[in-house]
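[1] Based on what follows, work out the 3D shape:
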Amino acid sequence: MILTAAAQVTPESTQQAVAYPSLFLLVVVGALVPVVPTGALVSSAAVVALHRTDTSPFALLIVFGVASLAAFAGDMGLYWLGRRGMRSRNGSRWLAAIRDRAPEERLRQAQDKLDDHGVLVLVLSRLVPAGRLPVMLACLLAQMPVRRFARGNLPACLAWAVTYQLIGILGGSLFPEPWQGVALAVGLTVVISVAPTLWRHLRSQKSPSGA
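    Predicted coordinates for the structure are as follows:
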């Protein structure tokens, strides 16, 4: 009986058992330490799930659930650590990391939008490259309660997971081989993440000459 059960364990099922927990941990780490390209990870996982012809709809649903839950857990962990840093006399390295990645101009914009639109800004901040941390810092400075932040952050994480999963589905549907779709999805996520910074750089170069 044990041998029969062992024979039924396919390489695909073993890969899934490793891949989904790995995706969860990497997205959580990427939310806590914003150097991991979490969007590219979700898009790549969606490509692989799409090419699983036997269980692709269920695999895509699992990728969506794992990605959104991991993003939410990571954001809530970082916000909790930030609140501890705000209450601490000496701050914390987590709060310092958020401040370092939230330029003053972006922070002022996030604070203004938070005053005007409330937690709706959280949803948009997850979809705008480099927009999450300035908005999170604005929420910390406004002393937003954890529960209120969680209510706004949940739909933000769901929207983020859907967006990057759709990028992966787009890339995976254009090519017959998964690696080709992964390459396109990663390329698209890199372009999306770099485009706002490049646009601001071009505007800053043009502004002195136009003055």
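[2] Let me see the residues that make contact with stretch 39-47.
    With Cβ atoms under 8 Å, 6 or more residues apart in numbering as the test, stretch 39-47 has contacts from 19, 23, 26-27, 30, 60, 63, 67, 160-161, 164-169, 171-172, 178, 181-182, 185-186, 188-190, 192-193. All C-beta atoms are positioned from the backbone trio N, CA, C, and that covers glycine.
[3] roughly how far out does that stretch sit from the chain middle?
    Centre-to-centre, stretch 39-47 and its host chain are 11 Å apart (Cα atoms, centre = their mean, to the nearest Å).
[4] Stretch 158-177 now?
    Relative to its chain's centre, stretch 158-177 lies at 14 Å (Cα atoms, centre = their mean).
[5] again, but for stretch 108-116
    How far stretch 108-116 lies from its chain's middle: 21 Å, per Cα atoms, centre = their mean.
[6] before we move on, the earlier item: please produce a PyMOL select command covering the buried subset of the contacts of stretch 39-47.
    To isolate the buried subset of the contacts of stretch 39-47 in PyMOL, counting by 16 or more other Cβ atoms under 10 Å, use the following:
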select buried, resi 19+23+26+27+30+60+63+67+160+161+164+165+167+168+169+171+172+178+181+182+185+186+188+189+192
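[7] now, which of the contacts of stretch 39-47 lie within helices?
    The helices, defined by DSSP state H, take in 19, 23, 26-27, 30, 60, 63, 67, 160-161, 164-169, 171-172, 178, 181-182, 185-186, 188-190, 192-193 from these.
[8] What is the least confident helix or strand in this protein?
    Least confident helix or strand, the chain: helix 2-7 with a mean of 30, by mean pLDDT, DSSP states H and E.
[9] give the contact list for A67.
    L23, V27, T38, L41, V42, A45, W160, A161, Y164, Q165.
[10] Number of residues surrounding G77?
    For G77, the count of nearby residues is 14 (other Cβ atoms under 10 Å).
[11] Verify the stated contact: R132 with L124.
    No. R132 lies out of contact with L124 (Cβ atoms under 8 Å); the separation is 9.9 Å.
[12] Specify which residue of the two has the higher count of neighbours.
    Using other Cβ under 10 Å as the criterion, R132 and L124 rank with R132 on top: 26 against 15.
[13] Where does the prediction get shaky in this structure?
    Within the chain, the segments meeting pLDDT under 70 span 1-18, 53-56, 88-94, 101-103, 106, 192-211.
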